[in-house]
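*Asks:* dropping the sequence and predicted coords here.
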Amino acid sequence: MYLAFQYFRTNGQGADGTLPQVEVNYGAVPDLQLHAIVPMAWTSPESGGFQYGPGDIELGAKFRFVQDDDWGPQIGTFPLLEVLVGNASRGLGTGHVQVLLPIWLQKSFGRWTTYGGVGYWIGNPGPGGTVPGSSDGRPSTSSRNGQPPEPRSTTAWPGRMAVPRTLASTWEWSST
């Protein structure tokens, strides 16, 4: 279980985020992790007043179907469902059910781990064909004036692939 917050600022539009958000991940069986994020969202658009309340809830299930070995990467999927909870007219939710169907690859080299993926959005991504995203390909839990925020790592169009803008790597600092 994680307790976290998000803060995003876009020039000319204001700021939004979550404070707090609770993330729960549960290893139900080997290679299957169940996932939920329950946020309290906030928005402070430059053209309006501050709003605070429940945000859209994210539910998911991460399933690894290929194990990492000496030569090949782990391969898995992490479908996500954005459940409409946030009030879109107050800028606290997207106002649209959204589903992400991604494929993820991850490879470890000693203490280094690198990963990335692409996905397919189902649902109404809002004006301009953009959908919210984060560095791990998951959608944001907040929006601005009922519209999705600017994409942070993923750009997608209805019925097209979501293309990641970043890949990530991590370093294990301890051997325990």
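*Replies:* Alright, I've got the coordinates.
*Asks:* which residues sit against stretch 36-51?
*Replies:* 6, 12-24, 52-60, 86, 90-93, 141-145 (CB atoms under 8 Å, 6 or more residues apart in numbering). Where C-beta positions appear, they are placed from N, C-alpha and C, glycine not excepted.
*Asks:* narrow those to those that are buried.
*Replies:* Using 16 or more other CB atoms under 10 Å as the burial test, those include 6, 13-18, 21, 23, 53, 55-58, 60, 86, 90-93, 141-145 as buried.
*Asks:* who touches stretch 20-33?
*Replies:* 1-6, 34-40, 55, 61-65, 76, 141.
*Asks:* and residue 42, that's in a helix?
*Replies:* No - counting by DSSP: H, G, I helix; E, B strand; the rest coil, residue 42 is not found in a helix; it is strand.
*Asks:* buried residues in the strand or helix carrying residue 113, which are they?
*Replies:* Element membership for residue 113 (DSSP states H and E) is strand 112-123. By neighbour count on 16+ other CB under 10 Å, the buried set for strand 112-123 is 113, 115-119, 121, 123.
*Asks:* on that earlier part again, now intersect the buried ones among the contacts of stretch 36-51 with the strands, please.
*Replies:* Counting by DSSP state E, those place 6, 14-18, 21, 23, 53, 57-58, 60 in strands.
*Asks:* correct me, but residue 82 touches residue 121?
*Replies:* No - at 10.1 Å, residue 82 and residue 121 do not qualify as touching, with contact defined as CB atoms under 8 Å.
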